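Enquirer: build me a model:
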Amino acid sequence: MIKPISLKQLFKKDIKTICLSIGGFYAVFGAFAILMVKLQTMMLSNSESVPDESFTNTLNLLHEIWIVYMPLLIILGLGYLAFGFLFNKIKTNKYQINLLLSILCLIWVIAYAISSIKYMDAFFSGMANDFEAFKYIGYGFAGFGFLAVFALMTVPQYIIGKRIRTQETKYE
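Expert: The predicted structure is shown next:
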């Protein structure tokens, strides 16, 4: 059985465990998002009532974004899982492998954020403009969400890279 663990506890673990945990999280989250797209698409196609057109357009835009970016997230997760499983067998270039995966994670999070701007605009344009502050509150939450995703996609890689560097300099 998998024991729950906090991020603080996770970052105190060895590099292999961090890679496996982060890679597993990315892969499972990406797979879950794709599953959600498939289920929502099925529900909309089987629905007897016709949803509002702006709702359908907004949901389709979200699905388009997820269909592009979530498989890439799964690939990044599988990359970290492979790195974690092979970590002790890899004798050289551990830092370069982590750096490559880190750069790919950074590119992913920036590209995902840029593509999500279209979704946010469509989401707010489909709502009544009675309460203008709601739009700004929504953009504030979106900014907070971006920072959270950015942290999840960069902080673990930084910690892994720092620990690899420390190990490499210790054994030189």
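Enquirer: show me what counts as buried in stretch 113-120.
Expert: 113, 116, 119-120 (16 or more other Cβ atoms under 10 Å). Where C-beta positions appear, they are placed from N, C-alpha and C, glycine not excepted.
Enquirer: those residues in helices, which ones?
Expert: Using DSSP state H, the members of the buried residues of stretch 113-120 that fall in helices are 113, 116, 119-120.
Enquirer: just the strands in the protein please.
Expert: Secondary structure of the chain (DSSP state E): no strands located.
Enquirer: contact partners for F150?
Expert: Contacts for F150 were tallied using Cβ atoms under 8 Å, 6 or more residues apart in numbering; they are 109, 113.
Enquirer: check what pLDDT it gets.
Expert: What the model reports for F150 is a pLDDT of 92.
Enquirer: and it, how far from C105?
Expert: Taking Cβ to Cβ, to the nearest Å as the criterion, F150 is separated from C105 by 10 Å.
Enquirer: do F83 as well
Expert: From F83 over to C105 the distance is 12 Å, taken as Cβ to Cβ.
Enquirer: which residues of this protein score low on pLDDT?
Expert: Counting by pLDDT under 70, the chain contains low-confidence ranges at 1-12, 50-51, 126-131, 171-172.
Enquirer: buried ones in the helix of greatest length in the chain?
Expert: Of all the segments assigned as helix in the chain under DSSP H, the longest by residue count is helix 132-170. Buried residues in helix 132-170, defined by neighbour count with 16+ other Cβ under 10 Å: 135, 142, 146, 150, 152-153, 156-157, 159-161, 163-164.
Enquirer: from those, pick the one nearest L62.
Expert: L62 lies nearest to A142 out of the buried residues of helix 132-170, by Cβ to Cβ, at 12.7 Å.
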